[in-house]
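>>> Sequence plus predicted model, see below.
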Amino acid sequence: MEALPDAAALATRLKNTLIQYHSLEDEKWRVAKKTKDVTIWRKPSEEFNGYLTAV
């Protein structure tokens, strides 16, 4: 089994990415689905082929 990369550096990178996503302006997100209780938002990912979603 291979050793994991430096866990502290990986955690910092993940934290910064999540903060960046949270800080995006509202107009970059689109409503994917809306019910009376929940709204799901999405935007195209810049890192992989697919979408990021937020509830």
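Yep, that arrived.
>>> Surely Tyr21 touches Leu52?
Yes - Tyr21 lies in contact with Leu52 (C-beta atoms under 8 Å); the separation is 6.2 Å. C-beta here means a position set from N, CA and C on the backbone, and glycine is covered the same way.
>>> How about the backbone phi and psi for Arg42?
As for Arg42, its main-chain torsions (degrees, to the nearest 10) stand at phi -150, psi 160.
>>> Same check on Trp41?
Main-chain dihedrals, Trp41, degrees, to the nearest 10: phi -110, psi 150.
>>> Not counting sequence-adjacent ones, nearest residue to it?
Spatially, and ignoring its direct neighbours in sequence, Trp41 is nearest to Trp29 (4.2 Å; C-beta to C-beta, 6 or more residues apart in numbering).
>>> give me the number of residues near that neighbour?
By other C-beta atoms under 10 Å, 15 other residues sit near Trp29.
>>> wait, what's in contact with it?
Trp41, Arg42, Lys43, Ala54 (C-beta atoms under 8 Å, 6 or more residues apart in numbering).
>>> What separation is there between Thr53 and Thr39?
The gap separating Thr53 from Thr39 is 11 Å, by C-beta to C-beta, to the nearest Å.
>>> what helix or strand does Val31 sit in?
Per DSSP states H and E, Val31 falls inside strand 30-34.
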